[in-house]
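Colleague: What shape does this take:
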Amino acid sequence: MQAEKQTNQTRRSEIVRVQVERSGYREQERTRIAKAKFLEAYIKSACNISMGCRAANICRANVYDWIEKDKNFREALNDAKEALIDLAESKLYEAIISGNIKAIIFFLERKAKNRGYGQSVEQDTTTHYYIHEVDSKK
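Modeller: The predicted model follows:
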C-alpha cells in the first residue's frame, strides 16, 4: 500500500515537472526550479498550498502570483488536485466494496438523494400568538 502511494506521488511529480518544463516562454532558471520544488511539495502535502509553501520554503505571495500569471503552473496545480480527488474516490470505492458501512452511508447521502437517502432538516415556521387577559379591576 505504501509502495503504491509512493508510486502515485512519483508519477504525479513527474507529470508536474514535465508541465512546468513545457512552459511557452523562457523563465529564469531559479523561478523554474522554485515552481518545480513547490509543485512537488504541494503534491506531497495533499494539495495544500500553505503546507507546500512551508515545505518548499516559498512565499505564498509568489505562488499566487504564479497561479495568476502562468497558465501551465495553474493547470499543473489543478491536475494535481484532480489526481488527489481521483485517488480519494478510488479509496472510497474500495471501502464501499469491502462493506465499510460509514463509506456506504457517506456515498448514499451525497449521490443517492433522489432515492430518499440523505439528511434533511425540517423547520417549523408556524407562528403562535398568545393572548393574556389583564384584570382591569386592580
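Colleague: Point to the helix or strand of this structure where mean pLDDT is at its lowest.
Modeller: Least confident helix or strand, the chain: helix 2-21 with a mean of 67, by mean pLDDT, DSSP states H and E.
Colleague: so what does the helix or strand that that one is followed by touch, helix or strand wise?
Modeller: Scanning forward in sequence from helix 2-21 by DSSP states H and E, the next helix or strand is helix 29-44. Judged by 3 or more CB pairs under 8 Å, 6 or more residues apart in numbering; DSSP states H and E, the packing partners of helix 29-44 are helix 2-21, helix 49-56, helix 60-69, helix 71-97. Every residue, glycine included, has its C-beta placed from N, CA and C.
Colleague: export helix 29-44 as CSV, just CAs?
Modeller: Output in CSV follows, covering the C-alpha atoms of helix 29-44 (Å, rounded to 0.1, in the frame of the first residue of the first chain):
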residue,chain,number,x,y,z
GLU,A,29,16.2,29.1,-14.0
ARG,A,30,15.7,30.0,-10.4
THR,A,31,12.0,30.6,-10.8
ARG,A,32,11.5,27.4,-12.8
ILE,A,33,13.3,25.4,-10.1
ALA,A,34,11.2,27.1,-7.3
LYS,A,35,8.0,26.2,-9.1
ALA,A,36,9.0,22.6,-9.6
LYS,A,37,10.1,22.4,-5.9
PHE,A,38,6.8,23.9,-4.8
LEU,A,39,4.7,21.6,-7.0
GLU,A,40,6.4,18.5,-5.6
ALA,A,41,5.8,19.7,-2.0
TYR,A,42,2.2,20.7,-2.9
ILE,A,43,1.5,17.1,-4.1
LYS,A,44,3.2,15.5,-1.1
